[in-house]
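**Q** structural data only, the sequence is not supplied:
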């Protein structure tokens, strides 16, 4: 299995507070992705990165920001958490070219109360 | 139109039968296609990848790709209760990896 670690694994936070989720990989993969998974919606892409300091928006990026200052770390920040951001968040990484699959972390369950 | 579409199911098949899962995509420039399996409460795991038109077989699994029709399918032969899970179709579109909503498969004894 790819060495992908998400932290924290579970978090409960209050509405309006900032939250940062961390994804750490030991595979030297170029691409990293953040998804959220909600019933009936499958996996929806929030943001992705194709290299250090190179990031772009996915389909549900509003209310989220990301940073990638090192190859191995990709941070997802909820600037001001809302109840609609209660979800399971998955990080995934991919080696680099268009033929390679993505590997997933264990997921972070975030509850905003 | 969503970029990747799947029927959400559930698809119920008896043990030993063939399960057929389908996926359509909208971007004709897509080049890489993947099937993931996800058990409840777990992370998605890759089961098949396919890049060119035709069939690709791996054990009990066969992926089929038809780029002209923008259609990808997954066949599971000799379905087992342990195959009960949600199956996610994923399509690489330039740098993005886009998933469908998944199809829930139930295999009953």
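**A** That came in fine, so what should we check first? Predicted model, so just to flag it, every value in this text is computed and none were measured.
**Q** only C-alpha atoms from now on, for both contacts and neighbour counts.
**A** Will do.
**Q** helices of chain B, residue ranges please.
**A** With DSSP state H as the criterion, chain B has no helices.
**Q** ends of stretch A:10-26, how far apart?
**A** End-to-end distance for stretch A:10-26, by CA to CA, to the nearest Å: 22 Å.
**Q** count the residues that sit near the closest residue to residue A:85 other than its chain neighbours.
**A** Spatially, and ignoring its direct neighbours in sequence, residue A:85 is nearest to residue A:112 (6.9 Å; CA to CA, 6 or more residues apart in numbering or on different chains). Under the neighbour criterion other CA atoms under 10 Å in any protein chain shown, residue A:112 is assigned a count of 18.
**Q** what's opposite residue A:112 in the beta bridge?
**A** The partner list for residue A:112 in beta bridges (DSSP bridges) reads residue A:13.
**Q** now do residue A:38
**A** residue A:42.
**Q** and what of residue B:4?
**A** residue B:25.
**Q** tell me the contacts of the residue nearest to residue A:85?
**A** Residues near residue A:112 by CA atoms under 8 Å, 6 or more residues apart in numbering or on different chains: A:12-15, A:81-86.
**Q** now the buried members of these.
**A** A:13, A:81-82, A:85-86 (16 or more other CA atoms under 10 Å in any protein chain shown).
**Q** can I get those in CSV with distance to residue B:25 and pLDDT?
**A** Output for those, formatted as CSV (distance: CA to CA, whole Å; pLDDT from 0 to 100):
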residue, distance to residue B:25, pLDDT
A:13, 37, 97
A:81, 32, 97
A:82, 32, 97
A:85, 27, 98
A:86, 28, 98
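**Q** farthest-apart pair in the residues you listed, please.
**A** A:13 and A:85 (10.7 Å; CA to CA).
**Q** which residues do those two both contact?
**A** Taking CA under 8 Å, 6+ apart as the criterion, residue A:13 and residue A:85 both touch A:110-112.
**Q** up against chain B, what does chain A have?
**A** For chain A, the residues in contact with chain B (CA under 8 Å from any CA of the partner chain) are A:40-45, A:48, A:50, A:58, A:90, A:98-99, A:101-107.
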